[in-house]
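S.K.: Quick one, structure for this:
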Amino acid sequence: MRTHYSEIQGLGGDVIAIGTGDVKYAAAFVADEDVPFPVLVDDEGAAARAAQVKRVSFRVLIFDKRSRAGARAAHANGHRIHRPGKRTNQLGATFVIRPGDRVAYEHVSEHTADHPPLDEVIAALR
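M.R.: Predicted coordinates for the structure are as follows:
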């Protein structure tokens, strides 16, 4: 999202990330990763529960082959693991919400390396 942020804004959209760490962690993450958009903290999981975002068992978190492959790819691309919040087994989700609270796009991750195709996210803004 970071690399396409100006394109997203040009289409009238914005990005807001919601993380599981505390405020200090979020600030360090924003600085370390050069994140240009707001990062909010949901350490108790209220937003994740409201959006029905999934969690996985720690067994799946550690042993799922897709997650390990995704972690290797992320590391190869320069991404590093930062201090986690209380919910280290919380999966991710991406939503495009249009005016009137209409959900134009939804991707709820099935495993830790399951990320939405960025072209689909951007297409939902058009």
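S.K.: Name the nearest residue to residue 125, ignoring sequence neighbours.
M.R.: residue 11 (4.1 Å; Cβ to Cβ, 6 or more residues apart in numbering). Every C-beta, even on glycine, is put in place using the N, C-alpha and C of the backbone.
S.K.: Residue 87 is in contact with residue 55, isn't it?
M.R.: Yes - counting by Cβ atoms under 8 Å, residue 55 is a contact partner of residue 87 at 6.9 Å.
S.K.: quick one: common contacting residues for these two?
M.R.: Shared contacts of residue 87 and residue 55, defined by Cβ atoms under 8 Å, 6 or more residues apart in numbering, are found at residue 48.
S.K.: Next, give phi and psi for the residue nearest to residue 125.
M.R.: Dihedral angles phi and psi of residue 11 (degrees, to the nearest 10) take the values phi -90, psi 10.
S.K.: mind checking how far it is from residue 103?
M.R.: Residue 11 is 17 Å from residue 103, where distance means Cβ to Cβ, to the nearest Å.
S.K.: between these two, who's got more neighbours?
M.R.: residue 11 (14 against 11; other Cβ atoms under 10 Å).
S.K.: could you check the distance from the more buried one over to residue 4?
M.R.: According to Cβ to Cβ, residue 11 and residue 4 sit 10 Å apart.
S.K.: now swap in residue 69 and tell me
M.R.: Applying Cβ to Cβ to residue 69 and residue 4 gives a distance of 23 Å.
S.K.: Tell me which of the two has more neighbours.
M.R.: residue 4 (16 against 12).
S.K.: Quick check: closest non-adjacent residue to that one.
M.R.: Nearest one to residue 4, counting by Cβ to Cβ, 6+ apart, is residue 118 at 6.0 Å.
S.K.: I'd say the one you found and residue 1 touch.
M.R.: Yes - under the criterion of Cβ under 8 Å, residue 118 makes contact with residue 1 at 7.5 Å.
S.K.: Neighbours of residue 68, how many?
M.R.: Neighbours of residue 68 using other Cβ under 10 Å come to 13.
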